[in-house]
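**Student:** Have a look; sequence and predicted model below, questions after that.
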4 protein chains.
Amino acid sequence: MPFETRDPAFAERVRRSFDRQGLLKTLGARLERVEPGEVDIALPCAPHVLQQHGFVHAGATISIVDVACGYAALTLMPPGAAVLTAELKVNLLAPAEGERLVARGRVVKPGKTLTVCQGDVYALRGGEERHVATLLATMAVVTGRGFSD
Amino acid sequence: MPFETRDPAFAERVRRSFDRQGLLKTLGARLERVEPGEVDIALPCAPHVLQQHGFVHAGATISIVDVACGYAALTLMPPGAAVLTAELKVNLLAPAEGERLVARGRVVKPGKTLTVCQGDVYALRGGEERHVATLLATMAVVTGRGFSD
Amino acid sequence: MPFETRDPAFAERVRRSFDRQGLLKTLGARLERVEPGEVDIALPCAPHVLQQHGFVHAGATISIVDVACGYAALTLMPPGAAVLTAELKVNLLAPAEGERLVARGRVVKPGKTLTVCQGDVYALRGGEERHVATLLATMAVVTGRGFSD
Amino acid sequence: MPFETRDPAFAERVRRSFDRQGLLKTLGARLERVEPGEVDIALPCAPHVLQQHGFVHAGATISIVDVACGYAALTLMPPGAAVLTAELKVNLLAPAEGERLVARGRVVKPGKTLTVCQGDVYALRGGEERHVATLLATMAVVTGRGFSD
């Protein structure tokens, strides 16, 4: 069933917040798609995000899927709320190599204080997609603490 | 009880492998301590690893504690083996801010094919330490696949 | 894409193994469906599986979805192999109440030594289904240790 | 550092709540120790809690450590609050066999809406203790929803 947003400017809000994230600029992540409860983020597989065997580092893979899930949650929040990752769990299914990764974050269960999200990361290589990671995360909704998204 | 290594050059092996990781150079992570079953990694809290509220990004925090745990597992492996993260789960306990983070990775249960590790991240600020994340991870031992650490 | 089994008697194997589990008998769990890579298990919501607020206990909910995922993995194993849960992570989405729960376990990524599974639990009440839990787990394939499923 | 309780009758509250749990009676679990932020629960290894290979079922092991952590969180709550498990992750380290299991739940970080706990399960056999599981969980504090512990 489709989710309803409580902020008509949800996509603009996600884009502005994304642009303020130093780490995402450092990694080279790009916001690809923002829909209610769904956000996709891409990452080119460049040398500065690799680990010692030449695959994309788990930390970079997890970063983009965590962000995709956090923003998927944010699309359903009222204006003024912020989202922080309370916890996440990720299974790394295959070495991440190719031209780029795409992380797809989805809301499983929205809530007033906690939103549960599910995410997947695919590696794109020569026109083929390989499932490289799957994630389950709990996002905490934060209001009135002096920061917002 | 202390762990026994099966590679007398374990510390040198960890250092060489660490230096080949593009992402760790990008983040500015430093290897601080390598003992059998225990590895510490530090990360200065610089703008290029932050998120939109000015805290260290969860992705950067997770990267260093994942690496600390992976290398803690590697210290107990025979020469020629490599370690890959099979899965990890992290709870983010407090916003990560200060001068730098220190991630401490520890082996809970070593194994022939799987090694379970536990990790914690502390933020150092004005001489005080704050517990900002705790992690539980499964590291897979990989041999004979053409890559080693 | 559909999974291929390596044991034509996979469904019979799962049923026989299920019947040997003391805890499942104690809980009152029933095997509902066995297909390659997919197993469903049901649990009536009786007083002996509840917690203090009258909902099904998280431990009972987790038990049936863990078993559904373990057997989903087993359907893809060669004869003689056994499956043990290496680790699991579950998010409890809503109080589990109703006439009965159904847990659906699915293989996400089969492997020689590790199989990653995903599971969901639904509470059925008055003809309606409510999503009460979602799980991500790593199943370890065990051979030659003197026990099989 | 020791935790402070906000309810002088915390131990009595945990005991009363424990006694109302149908599943714990069914399993045969016993409350062994209740201190601020720390709760231990024991489970005799009887046939009705085993799985098909003769070990204690992961579902039973997880049940007692989840409860130990939930009550460890409850010891720090004000009167009238209830605790529900939001999510948990467990690594099963060794087959659980012996005379009985002991689960030790500990608060890592108490909070107003979320409390993070860590737990361990040990199997006791012939005077020896074996570490069989380790858990990380997020407990949600629930107030004003019509149920309490």
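**Tutor:** Perfect, I can see it now.
**Student:** By residue count, what's the longest strand in chain A?
**Tutor:** strand A:128-142 (DSSP state E).
**Student:** May I have the strands that pair with that strand, each with its orientation?
**Tutor:** When sheet partners are counted by DSSP bridges, strand A:128-142 sits next to strand A:82-92 (antiparallel), strand A:114-125 (antiparallel).
**Student:** got the CA positions of the last one in CSV?
**Tutor:** Read it as strand A:114-125. What follows is strand A:114-125 as a C-alpha-only set of coordinates in CSV (Å, rounded to 0.1, in the frame of the first residue of the first chain):
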residue,chain,number,x,y,z
LEU,A,114,10.3,4.8,15.4
THR,A,115,10.2,4.0,11.7
VAL,A,116,11.5,0.6,10.5
CYS,A,117,13.1,0.5,7.1
GLN,A,118,14.5,-2.2,4.8
GLY,A,119,17.2,-1.5,2.2
ASP,A,120,19.0,-3.3,-0.6
VAL,A,121,22.2,-2.6,-2.5
TYR,A,122,22.9,-3.7,-6.0
ALA,A,123,26.1,-3.5,-8.0
LEU,A,124,25.7,-2.6,-11.6
ARG,A,125,28.3,-4.0,-14.0
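**Student:** for chain D, what are the nearby residues on chain A?
**Tutor:** A:Ala86, A:Glu87, A:Lys89, A:Thr113, A:Leu114, A:Val116, A:Thr138, A:Ala140 (C-beta under 8 Å from any C-beta of the partner chain). Any C-beta I mention is one placed from the backbone N, CA and C, and that applies to glycine too.
**Student:** same thing but 7 Å
**Tutor:** Within reach of chain D by C-beta under 7 Å from any C-beta of the partner chain, chain A has these residues: A:Ala86, A:Glu87, A:Lys89, A:Thr113, A:Leu114, A:Thr138.
**Student:** give the contact list for the third one.
**Tutor:** With contacts defined as C-beta atoms under 7 Å, 6 or more residues apart in numbering or on different chains, A:Lys89 is in contact with A:Leu135, A:Leu136, B:Glu87, B:Lys89, C:Lys89, C:Leu136, D:Lys89.
**Student:** Quick one: the helices in chain A, in order.
**Tutor:** A:10-19, A:22-27, A:58-74 (DSSP state H).
**Student:** Rebuild the ones you listed as a markdown table, extending it with mean neighbour count and distance to chain B.
**Tutor:** Converted to a markdown table, the helices of chain A look like this (neighbours: other C-beta atoms under 10 Å in any protein chain shown; distance: least, C-beta to the nearest C-beta, whole Å):
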| stretch | mean neighbour count | distance to chain B |
| --- | --- | --- |
| helix A:10-19 | 17 | 5 |
| helix A:22-27 | 22 | 4 |
| helix A:58-74 | 29 | 3 |
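**Student:** Which stretch among those helices approaches B:Arg100 most closely?
**Tutor:** helix A:22-27 (15.4 Å; C-beta to C-beta).
**Student:** list the contacts for A:Phe3?
**Tutor:** Counted by C-beta under 7 Å, 6+ apart, A:Phe3 has contacts A:Pro36, A:Gly37, A:Leu76, A:Val107, A:Pro110.
**Student:** What of A:Ala96?
**Tutor:** Applying C-beta under 7 Å, 6+ apart, the residues near A:Ala96 are A:Phe55, A:Val56, A:Thr61, A:Ala123, A:Val132.
**Student:** next one: A:Ser63
**Tutor:** A:Ser63 touches A:Leu23, A:Leu27, B:His57, B:Gly59, counting by C-beta under 7 Å, 6+ apart.
**Student:** re the thing from before, let me have the contacts of A:Lys89 in JSON lines, extended by pLDDT.
**Tutor:** Below are the contacts of A:Lys89 laid out as JSON lines (pLDDT from 0 to 100):
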{"residue": "A:Leu135", "pLDDT": "98"}
{"residue": "A:Leu136", "pLDDT": "98"}
{"residue": "B:Glu87", "pLDDT": "98"}
{"residue": "B:Lys89", "pLDDT": "98"}
{"residue": "C:Lys89", "pLDDT": "98"}
{"residue": "C:Leu136", "pLDDT": "98"}
{"residue": "D:Lys89", "pLDDT": "98"}
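**Student:** Which of those sits closest to D:Asp19?
**Tutor:** D:Lys89 (28.1 Å).
**Student:** How much space separates the closest one from A:Glu87?
**Tutor:** 8 Å (C-beta to C-beta, to the nearest Å).
**Student:** just to revisit the earlier point, tell me the one of the residues of chain A next to chain D nearest chain C?
**Tutor:** A:Lys89 (4.1 Å; C-beta to the nearest C-beta).
**Student:** For chain A, give me the ranges with low pLDDT.
**Tutor:** A:1 (pLDDT under 70).
**Student:** Show me which residues of it sit near chain C.
**Tutor:** A:Lys89, A:Asn91, A:Leu93, A:Val108, A:Lys109, A:Val116, A:His131, A:Thr134, A:Leu136, A:Thr138.
**Student:** Repeat the analysis, applying 6 Å as the threshold.
**Tutor:** Residues of chain A lying near chain C by C-beta under 6 Å from any C-beta of the partner chain: A:Lys89, A:Asn91, A:Leu93, A:Val108, A:Lys109, A:Val116, A:Thr134, A:Leu136.
**Student:** Can you tell me, leaving aside adjacent residues, what's nearest to A:Thr26?
**Tutor:** B:His48 (4.5 Å; C-beta to C-beta, 6 or more residues apart in numbering or on different chains).
**Student:** wait, doesn't the one you found sit right on A:Lys25?
**Tutor:** No - the criterion here is C-beta atoms under 6 Å, and B:His48 misses it with A:Lys25 at 7.4 Å.
**Student:** who touches both of the two?
**Tutor:** Between them, B:His48 and A:Lys25 share no contacting residue under C-beta atoms under 6 Å, 6 or more residues apart in numbering or on different chains.
**Student:** which ones are touching A:Leu135?
**Tutor:** A:Val65, A:Leu88, A:Val90, A:Gly119.
**Student:** That one bridge partners, please.
**Tutor:** Here A:Leu135, judged by DSSP bridges, has bridge partners A:Val90, A:Gly119.
**Student:** mind checking how far the nearest residue in space to A:Lys112 that is not next to it in sequence is from chain C?
**Tutor:** With C-beta to C-beta, 6+ apart as the criterion, A:Lys112 has its nearest non-adjacent residue at 6.7 Å, and that residue is A:Val141. Computed with C-beta to the nearest C-beta, to the nearest Å, the distance linking A:Val141 and chain C is 15 Å.
**Student:** ok, what's across the strand from A:Val141?
**Tutor:** A:Val83.
**Student:** you'd agree it is up against A:Ala81?
**Tutor:** Yes - A:Val141 lies in contact with A:Ala81 (C-beta under 6 Å); the separation is 5.4 Å.
**Student:** now the end-to-end length of stretch A:100-117.
**Tutor:** Using C-alpha to C-alpha, to the nearest Å, one end of stretch A:100-117 lies 23 Å from the other.
**Student:** Now do it: distance to the chain's middle.
**Tutor:** 8 Å (C-alpha atoms, centre = their mean, to the nearest Å).
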